[in-house]
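**Student:** Quick one, structure for this:
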Amino acid sequence: MRKCSLWTFLPPMYSVFTAVGLWVVYFIAVEDKKITPLDSEYRRNGSRFPPYISIAGNAPPASCVFSQVMNLAAFVGFIIGVLRYLQLRNRVDKPWLNIGGLVAVSLACFGMTLVGNFQLSSDEDVHNVGTSMTFGFGTFAVEFRHYHFEVVCTDDREQPLSQSETFSEVPEYQTDQL
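**Tutor:** I've put the predicted structure just below:
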């Protein structure tokens with residue numbers, strides 16, 4: 001039987017709990033008639049707005065839940081970023097990309113705290129800067145396009161071989177399979 005570390009489940013659980021938290025904010029705002037439901041036509045009559053998450057988290061009590069969700073998401077996202085940095089620290093050919101990824105996720109997480117704590121109606125400029133930071137930095141596509149990863153599954157707890165050891169053990173007649 002294969003053993004998985006419980007840390008493996010941190011990123012998917014982070015995504016699920018953040019999404020659930022944002023849906024809770026949406027339902028609170030709909031219940032308080034701060035935004036229109038998704039299934040209704042948008043009509044702006046002064047008190048009901050389209051169902052944007054920033055507008056849903058604009059007024060209490062939804063704003064309190066929104067702040068908590070965003071702060072917790074920022075904290076856990078930062079932890080995931082640090083763990084990913086530590087995981088790749090000794091395995092990458094270009095360490096500056098790994099450091100850049102850590103800086104980017106740190107800035108994105110800081111942006112999440114700005115989005116959660118500065119509501120759109122109270123300080124739109126800071127809120128929009130936080131939104132830009134969150135969505136401008138939260139992706140690793142630029143960093144990871146330069147990497148080549150190989151998943152190695154084993155039944156034992158030994159450390160996997162380094163890339164140089166793996167290449168040295170490949171027989172000569174199998175060099176085309178690298």
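**Student:** so what's residue 116 closest to, chain neighbours aside?
**Tutor:** residue 70 (2.6 Å; C-beta to C-beta, 6 or more residues apart in numbering). C-beta: built from backbone N, CA, C; applies to glycine.
**Student:** now swap in residue 65 and tell me
**Tutor:** The shortest distance from residue 65 to any non-neighbouring residue, by C-beta to C-beta, 6+ apart, is to residue 25 (5.2 Å).
**Student:** Thought residue 69 was touching that neighbour, still the case?
**Tutor:** Yes. In this structure, residue 25 is within contact of residue 69 by C-beta atoms under 8 Å, at 6.5 Å.
**Student:** Would you mark the buried spots in the longest helix that the chain contains?
**Tutor:** Selection of the longest helix in the chain by residue count, based on DSSP state H, yields helix 62-88. Residues 62-63, 65-67, 69-70, 72-74, 76-78, 80-81, 84-85, 88 are the ones in helix 62-88 that count as buried (16 or more other C-beta atoms under 10 Å).
**Student:** just stretch 131-138 next, same as before
**Tutor:** 131, 133, 134, 137, 138.
**Student:** immediately after the longest helix of the chain, which helix or strand?
**Tutor:** helix 95-117 (DSSP states H and E).
**Student:** Buried ones in that following helix, by neighbour count?
**Tutor:** 97-98, 101-102, 104-106, 108-117.
**Student:** Give the other helices and strands that that helix contacts.
**Tutor:** helix 62-88, helix 124-137, helix 141-144 (3 or more C-beta pairs under 8 Å, 6 or more residues apart in numbering; DSSP states H and E).
**Student:** what about the first one, average pLDDT?
**Tutor:** What that stands for is helix 62-88. Averaging pLDDT along helix 62-88 gives 94.
**Student:** tilt between it and helix 95-117?
**Tutor:** Helix 62-88 runs at 170 degrees relative to helix 95-117, counting by axes from the mean of the first three to the mean of the last three C-alpha atoms, to 10 degrees.
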